[in-house]
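Undergrad: The sequence and its predicted three-dimensional model are supplied below.
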Amino acid sequence: MTRTDGPPVLHQSGAAGKQAASRTGRPPMSERRRQAVRLEISRAAVRLFASRGVAETSANDIADAVGMSTRTLWRYFSSKEECVRPLLAIGAEETAARLRAWHSDSPSIAMFGGEPDRQIREQLRQMIRLTRTEPGLRAVWLAVHNEAESAFAKALAERAGLAEDALTPRVQAAMINGALRVAAEEWAWSGDIDEPMSPALVETIRQALRAALSGLSA
């Protein structure tokens, strides 16, 4: 099998792509199903990266692991490293939603909801650990947090009745995002997989969130 780690240069998109799909008679994939497929690919990529290393894992390997062609894989991701994005992004949208709904008289730690199940938690830990030594994965990890920060700032601005690019929600979002990223890295590199967050780590997050959210109106 010919191996390639880059998507084909030529592909159909826009109206041409829709017409091609129409000709095949295949119904369009629902967004929920598409997200499920993306997460399945992400989890397969993490398993392979953790067991073989990024350099020794090709896009073909990832595609084979989920039973699809490499050509189909490129419809979901632009590179093999990007395949990990859905797993790393778990919880960001939920956190933004909770920021919009959170009341200042509630504990700040309460805005961050339930944790993923043990299997996904273990894969998250493996993935975050790999970001320390794999520049390509580190870039994806930081990009995910950059996007999350924008979502947090928008949520905070909405609840405060401010413009999306206002300084205060942007600063608060940066503090919240930084606290969560550092906490996740600390947990991944030194935590016990059977204990999602140690009491000391929970307290660290709590203190950071108190500082980030001080003065935030309900």
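TA: Right, received. Where do you want to start?
Undergrad: Quick check: buried residues in the strand or helix carrying Thr168?
TA: Thr168 is part of helix 167-190, with elements assigned from DSSP states H and E. Neighbour counts over helix 167-190 (16 or more other CB atoms under 10 Å) mark 169-170, 172-173, 175-177, 179-181, 183-188 as buried. Backbone N, C-alpha and C define where each C-beta goes, glycine included.
Undergrad: Which elements pack onto that helix?
TA: helix 118-130, helix 135-160, helix 199-213 (3 or more CB pairs under 8 Å, 6 or more residues apart in numbering; DSSP states H and E).
Undergrad: In terms of distance to Ala160, which of the buried residues of helix 167-190 ranks first?
TA: Taking CB to CB as the measure, Ala160 sits nearest to Pro169 out of the buried residues of helix 167-190, at 6.2 Å.
Undergrad: tell me the contacts of the closest one?
TA: 153-154, 156-157, 160, 162 (CB atoms under 8 Å, 6 or more residues apart in numbering).
Undergrad: Filter those down to the buried ones.
TA: Judged by 16+ other CB under 10 Å, buried ones among those: 153-154, 156-157.
Undergrad: low-confidence ranges in this protein?
TA: 1-29, 91, 93, 102-117, 191-205, 207-209, 211-218 (pLDDT under 70).
Undergrad: can you rerun that using 90?
TA: Residues of the chain meeting the criterion pLDDT under 90: 1-32, 87-126, 151-152, 154-161, 164, 168-169, 171-173, 175-218.
Undergrad: right, and the helices and strands packed on helix 167-190 - which one's nearest Ala101?
TA: The nearest among the helices and strands packed on helix 167-190, by CB to CB, is helix 135-160 at 8.3 Å.
Undergrad: what helices or strands is the closest one leaning on?
TA: Looks like helix 135-160 contacts helix 85-88, helix 92-101, helix 118-130, helix 167-190 (3+ CB pairs under 8 Å, 6+ apart).
Undergrad: So which bits of it are buried?
TA: 136-137, 140-141, 144-145, 148-149, 151-157, 159.
Undergrad: how near is Arg43 to Arg85?
TA: 12 Å (CB to CB, to the nearest Å).
Undergrad: Mind putting the buried ones among the contacts of Pro169 into CSV with distance to Arg71?
TA: As requested, the buried ones among the contacts of Pro169 are exported to CSV (distance: CB to CB, whole Å):
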residue, distance to Arg71
Ala153, 37
Lys154, 35
Leu156, 41
Ala157, 41
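Undergrad: Out of those, which two sit at the greatest distance?
TA: Most distant of the buried ones among the contacts of Pro169, by CB to CB, are Lys154 and Leu156, 7.4 Å apart.
Undergrad: could you redo the helices and strands packed on helix 135-160 as a markdown table and give each row distance to Glu31?
TA: Putting the helices and strands packed on helix 135-160 into a markdown table (distance: least, CB to CB, whole Å) gives the following:
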| stretch | distance to Glu31 |
| --- | --- |
| helix 85-88 | 13 |
| helix 92-101 | 13 |
| helix 118-130 | 20 |
| helix 167-190 | 25 |
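Undergrad: Indicate which one of those is closest to Thr57.
TA: helix 118-130 (11.1 Å).
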